[in-house]
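*Asks:* what would the 3D arrangement of this be:
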Amino acid sequence: VYVYYHSSATLTGCEISSSSTQGIRMNDSSQALIQGSTIQFNASDGVGVTQDSSVSLVSNVIARNLGMGVGAGDGSTEAATATNNRVVQNQTWGMTLPGQSQVSGNVFDGNVTGGLLFQGSGGSPVVTGNDFRNHPGTVIGLNANMYLADGGGNVIESNNGVLGIDLFGNQTWTQSGTLGISAFPYILRTGQVVVNPGATLALGPGVIVKALGVSSSLQVFGQLNAAGTSTAPVVFTSLKDDSFDGDTNNDGGATIPAPGDWQDILLQNSLGNQLSHTLVRYGGAGGYPNVYVYYHSSATLTGCEISS
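*Replies:* Numbering: from 1, shown residues only. Now for the predicted structure:
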């Protein structure tokens, strides 16, 4: 099914399967409501959405497609809503969605690359009441400028490979916003998360960031505001550290944290940084300090612990 050039379509109770390409394709400012349908076994994405189009997905089964279950995060998709769908065993992502998304009541189960990825031009997508199961890699992934909002009731089951929200490395954040989810830790993947000049990255009380490896680094050329409290500190630590938010790497305690597990928080050409009631642990890979205030920068640290 191809919905093209300022067109609209409603699909109810349909089966879209075994296509040689995408099951449903939308582009050029088109709109679709897809409800109560089964979209499966297609040779590419189950649903592909591009070029200022928008889609609403309600109570569908989106399963075993050879690409993504839903691919709508190319940077030009206008908006997407996904409600009460089953997104099962797609061969890359369950869904990739833009920043203007509402995702609620879905089950994401066994998608090979990961359950849910937000990417594109930025935004604050909202996730509410979703269940994530059996993902060997990423459960939820965020590319640059995606400030995910937690509507509550989300569950990351213990049968996933890692139990958190991935911040992908080698990404440059150019927009200001707040990482505010405290129900699950954020995972700083391999590489640098860079905050550009003019952008402020804020972290709310109780937010935990766990870093994967020796090249994991938060590099701030804009501004960092880690707003912990005495009862709900902001924490930067190793992925191996089970003392905050439990066994995030899900290895049953087989690994233990150590100094040098990850690199650092670098503040460079960066003025007015604020770290309040913030714990920074187990950084220092490559001889770097845990917190590096460097080259025409300023920072105020209040009630902080920098250790290990």
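
*Asks:* what about Thr77, neighbour count?
*Replies:* Residues near Thr77, counting by other CB atoms under 10 Å, number 28. Any C-beta I mention is one placed from the backbone N, CA and C, and that applies to glycine too.

*Asks:* distance of it relative to Tyr282?
*Replies:* Distance, Thr77 to Tyr282, by CB to CB, to the nearest Å: 38 Å.

*Asks:* now do the strands in the stretch 201-308 of the chain.
*Replies:* For the stretch 201-308 of the chain, strands defined by DSSP state E, counting those that start in this stretch occupy the ranges 208-211, 217-220, 223-227, 234-238, 264-268, 273-276, 278-281, 291-294, 299-302, 305-307.

*Asks:* out of these, which gets nearest to Pro125?
*Replies:* strand 208-211 (19.1 Å; CB to CB).

*Asks:* who's in contact with that closest one?
*Replies:* For strand 208-211, contacts defined as CB atoms under 8 Å, 6 or more residues apart in numbering pick out 164, 167, 179, 182, 185-188, 203, 218, 234-239, 241, 244-245, 248, 261-263, 283.

*Asks:* just the buried members of these?
*Replies:* Among the contacts of strand 208-211, those classed as buried by neighbour count (16 or more other CB atoms under 10 Å) are 164, 167, 179, 182, 185-188, 203, 218, 234-239, 241, 244-245, 248, 261-263, 283.

*Asks:* contacting residues around Leu218?
*Replies:* Leu218 neighbours (CB under 8 Å, 6+ apart): Leu188, Gln192, Val193, Val195, Val209, Leu224, Phe236, Asp264, Ile265, Leu266.

*Asks:* any idea what it is bridged to?
*Replies:* Beta-bridge pairing for Leu218 (DSSP bridges): Val193, Ile265.

*Asks:* same deal with Ala202?
*Replies:* Beta-bridge partners, per DSSP bridges, of Ala202: Thr178, Asn225.

*Asks:* who's in contact with it?
*Replies:* Neighbouring residues of Ala202 by CB under 8 Å, 6+ apart: Ser176, Gly177, Thr178, Leu179, Gly180, Asn225, Ala226, Ala227.
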